[in-house]
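**Q** next come a sequence and a model predicted from it.
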Amino acid sequence: MTGPDKNTIFPLKDYNRLCFLKNIIKNPNIIVGDFTYYDDFENVENFEKNIKYHFEFVGDKLIIGKFCMIASDVKFIMNGANHLTDALTTYPFAVFGNGWENAMDGKTYPQKGNINVGNDVWIGYNATIMAGVTIGDGAIIATNSTVVKDVEPYSIVGGNPAVEIKKRFSAEKIRQLLELKWWNWDIEKITKNIRNLTGNNIGDLTG
């Protein structure tokens, strides 16, 4: 056995509110790694509905790594939500036309970049991730957090705005884990090490 089929939509028998996320994504600007799952209280199709202001003409991407865990009602706020902040007004006149269509000539709305979520990241219920944020490998985002800046690998953050609560491991252990990149191992090696991966001793991992 080598674990569940990464290409199945619903890996849990008779349960259709948890899915392997990459297998339901329709938008080409959303990229998700193998075995990352999304669990929704109602319908897994809510995931894309919760990616807000993700307009094709903006071109930004939501990139999520492998083996992530994403809870219900997690929201991603993309760059289409941005307004001018250094102008006299933030009002988007040009959107409405009718003589206002030239309001943005020679100007552009702020673009903070893609949202990048690393591997083995756990995002708790109702968290919000803002445009341009990078979440490092192994991080944990607490329930109801609003993440407005980058999150370091293997750190736990929470609050609004989210702040670091603590690191999960020592600096040396984090360095070792980031070098190890277990999520890139072939599935046979991962399966061989699942009991060790759910332990806390890197030295127990085998080739």
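**A** Perfect, thanks for sending it.

**Q** identify the residues contacting Y37.
**A** P11, L18, C19, F20, L21, C68, M69, I70 (Cβ atoms under 8 Å, 6 or more residues apart in numbering). Glycine gets a C-beta too; all of them are placed from N, C-alpha and C.

**Q** which of those residues sits closest to G33?
**A** G33 lies nearest to C68 out of these, by Cβ to Cβ, at 7.3 Å.

**Q** and the closest residue to that closest one other than its chain neighbours, how far from K149?
**A** For C68, ignoring the flanking residues on the chain, the nearest one in space by Cβ to Cβ, 6 or more residues apart in numbering is T36 at 4.1 Å. According to Cβ to Cβ, to the nearest Å, T36 and K149 sit 23 Å apart.

**Q** show me what the most centrally placed residue in the chain bridges to in the sheet.
**A** Nearest residue to the geometric centre of the chain (Cα atoms, centre = their mean): V117, 4.0 Å. Beta bridges link V117 to I64, I135 when assigned by DSSP bridges.

**Q** so how far is F57 from it?
**A** 23 Å.

**Q** do G3 as well
**A** 39 Å.

**Q** for Q176, give me its contacts.
**A** Here Q176 is in contact with I202 (criterion: Cβ under 8 Å, 6+ apart).

**Q** the helix or strand hosting it - what's its average pLDDT?
**A** Using DSSP states H and E, Q176 sits within helix 171-180. For helix 171-180, mean pLDDT rounds to 97.

**Q** quick check, I202 in contact with L177.
**A** Yes: contact criterion Cβ atoms under 8 Å: I202 and L177 qualify, at 7.1 Å.

**Q** re earlier: just after the helix holding Q176, pick out the following helix or strand.
**A** On the C-terminal side of helix 171-180, the nearest following helix or strand under DSSP H and E is helix 187-192.

**Q** helices of the protein, residue ranges please.
**A** 46-49, 171-180, 187-192, 194-197 (DSSP state H).

**Q** care to break the protein down by domain?
**A** Segmentation of the chain into domains, based on automatic domain parsing, reads 18-168, 170-207.

**Q** so who does A142 touch?
**A** A142 neighbours (Cβ under 8 Å, 6+ apart): G124, A127, I156, V157, G158, G159, A162, I165.

**Q** how many residues are close by the third one?
**A** Residue neighbour count, defined by other Cβ atoms under 10 Å, stands at 19 for I156.
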